[in-house]
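J.: here is a sequence with its predicted model. Questions after.
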Amino acid sequence: MPQFNDTELTAAVIRSFDETPDPRVKFLLEELVKSLHDFVRRTDLTFGEWEYAIDFLTRVGQKCTPSRQEFILLSDVLGVSMLVDAVNHREREGATETTVLGPFYVGEHKPMPHGTDISANLQGDRMFVQSRVTDLAGKPLAGVPVDVWHADDEGYYDSQKPEYETQGPSSRARFITDADGRFFFRTILPCSYPIPTDGPVGEMILQTRRHPMRPAHVHFLVDAPGYEPLITHVFMEGDKYLDTDVVFGVKDELVSKIEKRTDATMPDGKPAATPWHLMTYEFRMRPGQGIAPKPMMAAVTEDA
Ligand code: BEZ
Ligand code: FE
């Protein structure tokens, strides 16, 4: 009967994967076991700490629903999401920078006509967003679906609110770029907001004396055939949390000056209640492949 000391045990577990047919799965499991075992050895993990970790991960799973992803949140606050992003986007060659998807890419993104006010009934300062999607040489990309979503002026996403079930999506839409690669819409100016703190991840953030805030931003997912899907945000210049984003997601290039305007009309010639704000941002796409993530609830419905 084999008996192992602590290092022999690691080798034995690694050998147990010898017959795994998929070489990538085999490699990932071996490396995971090495890192986990190293962690236990380096920390002299106690039974109490091990039990706490098991309970914590159990609670993370129990907090997940079709519209809430506590595991993504955990990955985000531990910097794992941004690390996966970094190792997969080492070469950008002038393409727009990427950042976290976040846990709120959950609802349906209905195609809407350019100029639509996606925030319909929400309170807040009005904002006009104008944007263009191009390749690396600046050639406009037409017919490209762009999903956008953002929080309201109290920092909540539509899917976090009880009325989501009955009223459906808000501040969440899809636009299709025109022949010149452009799209534009109206909405409200989002504000900085705390990530959800009513679950185990929030408990960890508060117990470790971190703040839970994300700087104000709008999410964009640009999915052009023949180009790498672009998952990114545009942040608002001047936000006080830009340097300490709880999920480490800010990149300088993604911070945009939002102009305060008093013109009586917005860029599409329609009347504006003044003052209003203007966000202008251009997305440059890198040739390549990739499968864009699906909004969580759409994926749940399709799989059902
Ligand atoms: C978000 O921007 O929606 C988000 C990203 C990571 C964690 C929590 C929220
Ligand atoms: Fe967000």
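T.: Nice, thanks for sending it over. Predicted, not measured: the structure shown is a model, and the values here were computed from it. Residues are numbered from 1 along each chain as shown. Ligands and ions are numbered 1, 2, ... in the order given.

J.: what does the helix ranked longest in the chain contact?
T.: Counting by DSSP state H, the longest helix found in the chain is helix 23-43. Residues from elsewhere that reach helix 23-43 (C-beta atoms under 8 Å, 6 or more residues apart in numbering): 6, 9-10, 13-14, 17-18, 20, 45, 49. The C-beta positions use only the backbone N, C-alpha and C, and glycine is treated the same way.

J.: quick one: mean pLDDT for the strand or helix carrying Thr166?
T.: Thr166 is part of helix 164-167 when elements are defined by DSSP states H and E. In this model, helix 164-167 carries a mean pLDDT of 80.

J.: in it, what's buried?
T.: Under the neighbour-count criterion of 16 or more other C-beta atoms under 10 Å, helix 164-167 has Tyr164 buried.

J.: with only the CA atoms kept, save the helix or strand just after that helix in PDB.
T.: Using DSSP H and E, the helix or strand that follows helix 164-167 towards the C-terminus is strand 172-176. What follows is strand 172-176, C-alpha atoms only, in PDB (Å, rounded to 0.1, in the frame of the first residue of the first chain):
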ATOM      1  CA  ARG A 172     -28.400  47.600 -22.300                       C
ATOM      2  CA  ALA A 173     -28.700  47.300 -26.100                       C
ATOM      3  CA  ARG A 174     -27.100  46.200 -29.300                       C
ATOM      4  CA  PHE A 175     -26.300  48.600 -32.200                       C
ATOM      5  CA  ILE A 176     -25.200  47.600 -35.700                       C
END
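
J.: is strand 172-176 anywhere near ligand 1?
T.: No - residues of strand 172-176 are not located near ligand 1 by C-beta under 6 Å from any ligand atom, the shortest gap being 11.3 Å.

J.: which parts of the stretch 51-200 of the chain sit against ligand 1?
T.: 73, 76, 100, 102-104, 195.

J.: in PyMOL, how would I select the buried members of these?
T.: Here is the PyMOL command that selects only those of those that count as buried (16+ other C-beta under 10 Å):
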select buried, resi 73+76+100+102+103+104+195
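
J.: any chance of the residues of the stretch 51-200 of the chain next to ligand 1 in a markdown table, plus secondary structure?
T.: Output for those, formatted as a markdown table (DSSP: H, G, I helix; E, B strand; the rest coil):
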| residue | secondary structure |
| --- | --- |
| Leu73 | helix |
| Asp76 | helix |
| Val100 | coil |
| Gly102 | coil |
| Pro103 | coil |
| Phe104 | coil |
| Ile195 | coil |
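
J.: where in the chain is pLDDT low?
T.: Within the chain, the set of residues satisfying pLDDT under 70 comprises 298-304.

J.: the domain parsing of it - what is it?
T.: 9-45, 70-303 (automatic domain parsing).

J.: single out the most deeply packed of those.
T.: Of all these, domain 70-303 has the most neighbours on average by mean count of other C-beta atoms under 10 Å, namely a mean of 17.

J.: that one: how far from the chain's middle?
T.: Centroid displacement of domain 70-303 relative to its chain, using C-alpha atoms, centre = their mean, to the nearest Å, is 8 Å.

J.: residues contacting the residue in the chain positioned nearest to ligand 1?
T.: The nearest approach of the chain to ligand 1 comes at Gly102, 2.8 Å away (C-beta to the nearest ligand atom). Gly102 is in contact with 72, 76, 219, 247, counting by C-beta under 8 Å, 6+ apart.

J.: ok, His277 - contacts?
T.: Contacts of His277 by C-beta under 8 Å, 6+ apart are 125-128, 189, 258-261.

J.: ok so it is a strand residue?
T.: Yes - His277 forms part of a strand when assessed by three-state DSSP.

J.: now it: closest residue in space, sequence neighbours ignored.
T.: Of all residues not flanking His277 in the chain, Met127 sits nearest, at 4.3 Å (C-beta to C-beta, 6 or more residues apart in numbering).

J.: contacts for the host helix or strand of that neighbour?
T.: Using DSSP H and E, Met127 maps to strand 126-134. Strand 126-134 is contacted by residues 140-141, 144, 146, 148, 177, 180-189, 218, 220, 222, 224, 258, 266-268, 272-273, 276-285 when judged by C-beta under 8 Å, 6+ apart.

J.: how about 7 Å then?
T.: The contact list for strand 126-134 (C-beta atoms under 7 Å, 6 or more residues apart in numbering) reads 140-141, 144, 146, 177, 181-189, 218, 222, 224, 266-267, 273, 276-285.
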